[in-house]
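> with the input below, show me the fold.
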Amino acid sequence: MTKYRPVKQMDSVLVKKLDVNMLHDHPSKKVWIRKRTIITSTIIICLIICLFGFMVNLKREETILAINNLQEPLKPNGMLQSNSIQPDSRTQYLSSSSSDNHQEDHLLPLLPGQRTRPPNFDGVISDDSLVDSLQMFANRAPFVHHSIDAVTSFDVTCAATTVVKLASPADYEAIHVGDTLHYIIEAKDSYGRPRTIGGDFWLGALKSPHLIAGTAAKIIDHDNGTYSMYLTAGWKGDAMLELTLAHPSEGVHWLKTTYKYGDHLPIWDGEFQLGNIKETSKCYLMYDSTWNNMCEYQPKKALKHTKFVCDKPFTLPCESLAGIRGASNFPVEFSRLLPTEKRVLFSGEHLYKNVAIPHGFINIKERTDNQFTIPKDTLQLPLCGPDLPSPLSDGYWYNGQWNSLVCDTKQTYNKASAIQCLEHTNVVFTGDSTTRQWFASLAKLLDVGLPEDHDRSFFLERTLAAPDINISFVFHPLSTHPKPIFVNMSQVRFEVDIILDSPRYTCNNVIVVSPWAHFIMWPWDAYVEWLTHIRDAMIEVKRQCPELKVVIKSPHAVNKQTTMKGRDFMFKEMMHAMREVFQGSGVMFIDIWDMDYAYPAPMELHMPDEVINQEIALFLSYLCPENMQLSLTPTSENTHLPPTSENIHLPSTSENIHLPSTSENIHLPPTSENIHLPPTTENTQLPQTSEEQMQLFKNVKVE
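Reported below is the predicted structural model:
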């Protein structure tokens, strides 16, 4: 075989004689090809960079010329002060020179029709002229330029730089009992720049802890970075104004558009039991989903598109499901859905931060007639009932008593007044542990006793035989309790089933519904479906029993724990959904959001007994609005401060302004359906056996 010397050792003559095909695969040939490729690529990149630089420079010149065209100021003689260049085919070029500076001749572009160069123009635009032109351009542009020199992007709303100003009354020294205080909130970012959009989630209140007094703010978003905050000065004395930025608008937008409709998947541990055999498997809530080889539990009428499914146990049948334990965790679920770039919106200065308010401590003065509170008997409030309009203020606390400005709540409760209101009535509280607090408060008021473990029970019932009053509490199924809590499926019922079964023994029923605290991880469409079926069941039963009263208890703000991000906003969204679903249906919607937030104590999921007792007083006022002659003597449990001479009322003013009604708050007047029939001696019982407990569901099948 012929051997060749390396190429670098060959002379030029031999290289010319070599067969190209024989040299093609030689290592030296590959190295040379690689070098040639690198050189060629480098040349191409350099050409591209040069071309890019030329285009950028050309674009800069066009921008300057466009700015000059916008300016076009005229001298007295009609000549332009600066040359406006338009690079089109009609541009003329004239040779000229500067006699003052003895510069060489050069070509200057002129506008079409322009014959001479502007006087004193040397072909250079000064910095001052450029800035002036930019400013004029900014004024004509469709965008808002807050600062020409700004190089940082706009930040989200910052509580530390936000400004709060009193709009009316005009003087802090002129605030009197009955006044409606109007503050303007000017939202700013962390650089002190005004925000130009709305959407921030604010919480505000005026509180006097030493007087056990407080009122919540109504905040109206003007969608331009400013907000109006209204508060009612309902009592005489010192008060402190509080304003909290719970979430900036960017965080609210993510909650509304992404988290609210996110891919939520509540999980439970299902416990199956048949005799002594016990097995567990994972259970899920599915909305319009498909699955295989799982146990499906379809509620009778509570849900339609939403299914409760469990992984099939190893040996036991699906019918042996005895109970569930929550396996989901809200902070973990929230973090799972929150993308990394959005985490800053729910931390640090952007999460539950108080705004520093000048003159935040105010002194509310009495009127000239020395009266120290607002007299409700002159406010002409409507009777409590269904579909009431939303006023500018829901009310205020004073001396530990809630004074509603929504409706006339002259009835202050005691045992006698409660019995007179509830005689011959079956009251069922359904929902979560906050509704169980209502049951416990009413049971104490009626003096029917409570078991020691009532605060952990899923089913409670008490009866007062003489006036024929029966009260009960039933937890709704599919609650998302922490894992240690076992939910026995034989002790829980869907609200829909309770409503549909209520006429079995009597038409004289009051059913309290409050589904919110355990639905924070539910798919939003499934939650709305839950509410919709409750409404439909109520409408169906009222055809047979017009006396049926359904009460919706609203959510309330919970707390400012950083681990529970977004909860309060979602609870507010749930309240809006409740109002929308039950609008015009005749239910009595008891909104306790402002009532609880205004109480001068830390916010909790389970509010103190003093608050719950006042909520029950409000509840009784809705049930018996026509009975205004009941005893007004409070019990020792709800008396916080001794009555003083300050408990004198002054006439209301024109400042008790109500917001105009919208499509969300157009209400129907109370009906005359408050007629009660005596109940039978039988009481509604819940299914207790393993066979009966599965009747909570329409069918059970494996797919």
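> ends of stretch 292-307, what's the gap?
Stretch 292-307 stretches 13 Å from its first residue to its last (Cα to Cα, to the nearest Å).
> and if you look at stretch 556-575?
End-to-end distance for stretch 556-575: 9 Å, by Cα to Cα.
> residues in contact with that stretch?
Applying Cβ atoms under 8 Å, 6 or more residues apart in numbering, the contact partners of stretch 556-575 are 201, 203, 244, 246-247, 251-252, 255-256, 259-260, 330-331, 334, 338, 346-347, 351-352, 434, 516-517, 519-520, 527, 554-555, 591-593, 595-597, 602-605, 607. Bear in mind the C-beta positions are built from the backbone N, C-alpha and C, glycine included.
> give me the buried entries from those residues.
For the contacts of stretch 556-575, a burial check counting by 16 or more other Cβ atoms under 10 Å picks out 201, 203, 244, 246-247, 251-252, 255, 259-260, 330, 334, 338, 346, 351-352, 434, 516-517, 519-520, 527, 554-555, 591-593, 595-597, 603, 607.
> just to revisit the earlier point, which of the contacts of stretch 556-575 fall within strands?
Members of the contacts of stretch 556-575 lying in strands (criterion: DSSP state E): 201, 203, 244, 246-247.
> any chance of those residues in JSON lines, with distance to D536 too?
Output for those, formatted as JSON lines (distance: Cβ to Cβ, whole Å):
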{"residue": "F201", "distance to D536": "32"}
{"residue": "L203", "distance to D536": "34"}
{"residue": "T244", "distance to D536": "38"}
{"residue": "A246", "distance to D536": "34"}
{"residue": "H247", "distance to D536": "34"}
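> between those, which is closest to L618?
Ranked by distance to L618 (Cβ to Cβ), the ones in strands among the contacts of stretch 556-575 are led by L203 at 21.2 Å.
> what about that closest one, distance to V344?
To V344, L203 is 21 Å away according to Cβ to Cβ, to the nearest Å.
> can you check P546 too?
P546 is 54 Å from V344, by Cβ to Cβ.
> swap in Y297?
For Y297, the distance to V344 (Cβ to Cβ) stands at 41 Å.
> equivalent analysis for H518, please.
Distance from H518 to V344, counting by Cβ to Cβ: 29 Å.
> please say which of these two ends up with more neighbours.
Comparing H518 with V344 by other Cβ atoms under 10 Å, the one with more neighbours is H518, at 19 against 15.
> not counting sequence-adjacent ones, nearest residue to that one?
Among residues not flanking H518 along the chain, S479 sits closest, at 4.2 Å (Cβ to Cβ, 6 or more residues apart in numbering).
> same question for K444.
In space, K444 comes closest to L450 once its chain neighbours are excluded; the distance is 7.1 Å by Cβ to Cβ, 6+ apart.
> and the one you found, how many neighbours?
Other residues near L450 number 14, with proximity taken as other Cβ under 10 Å.
> just the terminal-to-terminal distance for stretch 158-171.
27 Å.
> can you pull the buried residues of that stretch?
Neighbour counts using 16+ other Cβ under 10 Å place 158-159, 161-164, 166, 169 of stretch 158-171 among the buried residues.
> just to revisit the earlier point, doesn't the residue nearest to H518 belong to a strand?
No - S479 sits outside any strand when classified using DSSP: H, G, I helix; E, B strand; the rest coil, being coil.
> pretty sure it contacts I520?
No - S479 is not in contact with I520 according to Cβ atoms under 8 Å; the separation is 11.2 Å.
> now the strands for the stretch 401-550 of the chain?
Secondary structure of the stretch 401-550 of the chain (DSSP state E, counting those that start in this stretch): strands at 401-404, 425-431, 459-464, 469-475, 486-488, 509-513, 549-553.
> the ones you listed: which one's closest to V309?
Nearest to V309, of all the strands of the stretch 401-550 of the chain, is strand 486-488, at 16.5 Å by Cβ to Cβ.
> before we move on, the earlier item: quick one: which of the strands of the stretch 401-550 of the chain is nearest Y413?
Proximity to Y413, assessed across the strands of the stretch 401-550 of the chain by Cβ to Cβ, is greatest for strand 401-404 (11.0 Å).
> helices or strands up against the closest one?
With contacts defined as 3 or more Cβ pairs under 8 Å, 6 or more residues apart in numbering; DSSP states H and E, the packing partners of strand 401-404 are strand 395-398, helix 609-623.
> possible to save these as JSON lines with mean pLDDT?
Converted to JSON lines, the helices and strands packed on strand 401-404 look like this (pLDDT from 0 to 100):
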{"stretch": "strand 395-398", "mean pLDDT": "96"}
{"stretch": "helix 609-623", "mean pLDDT": "95"}
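> now render the ones you listed as JSON lines, adding mean neighbour count and distance to P194.
Putting the helices and strands packed on strand 401-404 into JSON lines (neighbours: other Cβ atoms under 10 Å; distance: least, Cβ to Cβ, whole Å) gives the following:
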{"stretch": "strand 395-398", "mean neighbour count": "26", "distance to P194": "32"}
{"stretch": "helix 609-623", "mean neighbour count": "22", "distance to P194": "38"}
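> now tabulate those in a markdown table and tack on distance to E186.
Formatted as a markdown table, the helices and strands packed on strand 401-404 follow (distance: least, Cβ to Cβ, whole Å):
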| stretch | distance to E186 |
| --- | --- |
| strand 395-398 | 26 |
| helix 609-623 | 33 |
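> so which of those gets nearest L51?
Closest among the helices and strands packed on strand 401-404, once you apply Cβ to Cβ, is strand 395-398, at 71.8 Å.
> for the closest one, packing partners?
In terms of contacts (3+ Cβ pairs under 8 Å, 6+ apart), strand 395-398 is packed against strand 213-216, strand 401-404, helix 593-598.
> single out the most deeply packed of these.
Among the helices and strands packed on strand 395-398, strand 213-216 has the highest mean neighbour count (mean count of other Cβ atoms under 10 Å), at a mean of 28.
> from what I see, Y191 and D155 are in contact.
Yes - here Y191 lies in contact with D155, judged by Cβ under 8 Å, at a distance of 6.1 Å.
> those two: which has the busier surroundings?
Neighbour count, other Cβ under 10 Å: between Y191 and D155, D155 has more, with 19 against 14.
> how near is L47 to D609?
Here L47 is placed at a distance of 82 Å from D609 (Cβ to Cβ).
> now A246
Counting by Cβ to Cβ, the gap from A246 to D609 is 27 Å.
> now do R462
As for R462, its distance to D609 is 18 Å (criterion: Cβ to Cβ).
> what does F459 give?
Using Cβ to Cβ, F459 is found at 22 Å from D609.
> ok, L478 next?
With the distance defined as Cβ to Cβ, L478 ends up 28 Å from D609.
> lowest-pLDDT helix or strand in this structure?
In the chain, no helix or strand scores lower on mean pLDDT, DSSP states H and E than strand 92-96, which sits at a mean of 35.
> so where's the stretch 351-500 of the chain uncertain?
369, 410-411 (pLDDT under 70).
> what segments of it are helices?
Under the criterion DSSP state H, counting those that start in this stretch, helices of the stretch 351-500 of the chain are mapped to 415-422, 433-446, 495-501.
> angle of the second one against strand 509-513?
Same thing as helix 433-446. With axes from the mean of the first three to the mean of the last three Cα atoms, to 10 degrees as the basis, helix 433-446 and strand 509-513 are set at 140 degrees to each other.
> helix 433-446 to strand 459-464, inter-axis angle?
Using the same axes, to 10 degrees: helix 433-446 against strand 459-464 is 20 degrees.
> what's the angle from helix 433-446 to helix 415-422?
Relative orientation of helix 433-446 versus helix 415-422 (the same axes, to 10 degrees): 120 degrees.
> could the C-alpha coordinates of helix 433-446 be exported in CSV?
Only the C-alpha atoms of helix 433-446 are listed here, as CSV (Å, rounded to 0.1, in the frame of the first residue of the first chain):
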residue,chain,number,x,y,z
SER,A,433,-67.2,24.7,63.4
THR,A,434,-68.1,28.4,63.2
THR,A,435,-71.7,27.4,62.8
ARG,A,436,-71.3,25.0,65.7
GLN,A,437,-70.4,28.1,67.7
TRP,A,438,-73.8,29.5,66.9
PHE,A,439,-75.5,26.3,68.1
ALA,A,440,-73.5,26.4,71.4
SER,A,441,-74.4,30.1,72.0
LEU,A,442,-78.1,29.5,71.4
ALA,A,443,-78.1,26.4,73.5
LYS,A,444,-76.6,28.4,76.4
LEU,A,445,-79.1,31.1,75.9
LEU,A,446,-82.0,28.6,76.1
